[in-house]
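Q: Next comes the sequence, and after it the predicted model I'd like to discuss.
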Amino acid sequence: MAWTLPGHINNPVLQKKAILETSYAFSRTLNPRNVEFSWYPLWGQTLCDLVADVPDLIVAAQFPVWVVHEDNDAQEAQDDGDNPEEVEEEEVAKVVVVKDQREQHAVGIVVDFAILSLTAVPEAREKLRYGGWRITTVNVGLLVEVKRSWNGKFGDIAEAREDLIEQAGYLFLKDANKTSVMAIAAAGPYWSGTTINCADIERTIHRLSAKDPSYQPPGKESQDRLPRWNKILCIDGASSTARLRTVYMKLRD
C-alpha cells in the first residue's frame with residue numbers, strides 16, 4: 001500500500017486544497033508575473049500535511065535564523081534617548097540586519113519555511129498562558145526555500161540551492177552543536193532535497209563569520225563540498241510522495 005501524507009489520510013478536503021493551491025499558482029490570470037509567493041500556500045500546506053500526526057513537529061513560515069556578533073572593541077552608549085524596545089529592520093535579498101540597543105550586531109537570514117522539533121516540559125502554573133507546557137529546546141530539522149515555477153531549466157532550483165547553503169551556514173553558526181540539516185529546494189511544484197553537513201560548508205561559514213568583529217579566521221581557508229541533491233520531482237507524483245516519506249521518517253527520528 002502506497003504511503004500517504006498523514007494530513008491526507010481520510011481527509012479529502014486537504015487533498016482538494018493541494019489541487020486548488022497548485023491551480024492557483026499556475027494561473028496566468030491570478031499569477032501573471034509567475035512570482036514565487038503564489039507557491040507558498042501549496043508548500044505550506046504540504047509541509048503541514050507531512051507532519052500532521054507528530055505533535056512536536058511544527059511548520060514555521062518566514063523563519064528567521066539570527067546570529068548575534070559581539071563587538072569587543074566598541075562599547076556604544078547605553079542609552080541615546082530612543083525607546084530600547086524599538087527595532088529597525090533592513091531586508092535585502094532576505095538577509096536581515098537588526099538594529100536595536102540589546103543586539104546591535106545581530107544578523108541573520110529569513111527562511112521561507114522550516115520544520116521545527118520542539119521539546120516541552122509540563123508547567124502547571126503556566127496552564128492558562130501556555131496550555132500547561134513550556135518549550136525548552138527548538139531544533140531545526142528541515143529548511144525549505146521556494147522559488148517561482150520551473151521553466152524547463154535548472155536556474156530557479158539552482159538559486160534555491162545556493163540560498164539554502166547560506167541559510168544552513170547561519171544555522172550552524174547559531175547552534176554550534178548542530179552538525180547537519182535537511183533541505184528542500186523548490187521551484188513551483190518541482191523540488192529536490194539533500195542533507196547539508198556543517199563540515200561540508202566550512203567556506204560559507206567562514207565567510208559569514210568574517211562579519212563578526214571578534215572572529216579569528218583560520219590559517220588556511222577551507223573549501224565547500226557541495227551536497228548531493230536528489231533528482232528533481234513534481235510534488236504531486238508518486239515518487240515525490242515516497243521521497244517525502246523519507247524526509248518524514250528522518251524528522252521523526
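A: Thanks, I have the structure now. Since this is a predicted model, take the numbers as computed values, not measurements.

Q: ok, and the closest non-adjacent residue to residue 248?
A: Nearest non-adjacent residue to residue 248, counting by C-beta to C-beta, 6 or more residues apart in numbering: residue 50, 5.7 Å away. Placement of C-beta: from N, CA and C, glycine included.

Q: for the one you found, what are its contacts?
A: By C-beta atoms under 8 Å, 6 or more residues apart in numbering, the contact set of residue 50 is 5-7, 115, 244, 247-248, 251.

Q: List buried residues within the residues you listed.
A: The neighbour count (16 or more other C-beta atoms under 10 Å) marks 5, 7, 115, 244, 247-248, 251 as buried among the contacts of residue 50.

Q: Columns pLDDT, distance to residue 204 and secondary structure on top of these, output as JSON lines?
A: Putting the buried ones among the contacts of residue 50 into JSON lines (pLDDT from 0 to 100; distance: C-beta to C-beta, whole Å; DSSP: H, G, I helix; E, B strand; the rest coil) gives the following:
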{"residue": "5", "pLDDT": "95", "distance to residue 204": "32", "secondary structure": "coil"}
{"residue": "7", "pLDDT": "94", "distance to residue 204": "34", "secondary structure": "helix"}
{"residue": "115", "pLDDT": "98", "distance to residue 204": "22", "secondary structure": "strand"}
{"residue": "244", "pLDDT": "97", "distance to residue 204": "27", "secondary structure": "helix"}
{"residue": "247", "pLDDT": "98", "distance to residue 204": "23", "secondary structure": "helix"}
{"residue": "248", "pLDDT": "98", "distance to residue 204": "28", "secondary structure": "helix"}
{"residue": "251", "pLDDT": "97", "distance to residue 204": "24", "secondary structure": "helix"}
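
Q: residue ranges with poor pLDDT in this protein?
A: 68-106, 126, 150-155, 211-222 (pLDDT under 70).

Q: which element follows the lengthiest helix in it toward the C-terminus?
A: Longest helix of the chain, by residue count under DSSP state H: helix 155-174. Remark: after helix 155-174, the chain's next helix or strand is strand 180-187, criterion DSSP states H and E.

Q: returning to what we had before: of the contacts of residue 50, closest to residue 185?
A: residue 247 (12.9 Å; C-beta to C-beta).

Q: Help me confirm that the closest one comes into contact with residue 193.
A: Yes: at 6.6 Å, residue 247 and residue 193 qualify as touching, with contact defined as C-beta atoms under 8 Å.

Q: tell me, what's touching the two both at once?
A: By C-beta under 8 Å, 6+ apart, the residues touching both residue 247 and residue 193 are 182, 184.

Q: hang on, isn't residue 43 packed against residue 112?
A: Yes: here residue 43 lies in contact with residue 112, judged by C-beta under 8 Å, at a distance of 7.5 Å.

Q: Quick check: neighbours shared by those two?
A: Counting by C-beta under 8 Å, 6+ apart, the residues touching both residue 43 and residue 112 are 144, 146.

Q: What strand or helix carries the closest residue to residue 113 other than its chain neighbours?
A: Leaving out its chain neighbours, the residue that sits closest to residue 113 by C-beta to C-beta, 6+ apart is residue 144, at 4.0 Å. According to DSSP H and E, residue 144 maps onto strand 133-147.

Q: For that strand, which strands pair with it and how are they oriented?
A: Within its sheet, strand 133-147 is paired with strand 106-122 (antiparallel), strand 180-187 (parallel), according to DSSP bridges.

Q: Quick one: those as CSV, columns for distance to residue 138 too.
A: Rendered in CSV, the data for the strands paired with strand 133-147 read as follows (distance: least, C-beta to C-beta, whole Å):
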stretch, distance to residue 138
strand 106-122, 5
strand 180-187, 13
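
Q: so which of the ones you listed is the most packed in?
A: Ranked by mean neighbour count, the strands paired with strand 133-147 are led by strand 180-187 with a mean of 24 (mean count of other C-beta atoms under 10 Å).

Q: Now do it against helix 155-174, angle only.
A: If you take axes from the mean of the first three to the mean of the last three C-alpha atoms, to 10 degrees, strand 180-187 sits at 160 degrees to helix 155-174.
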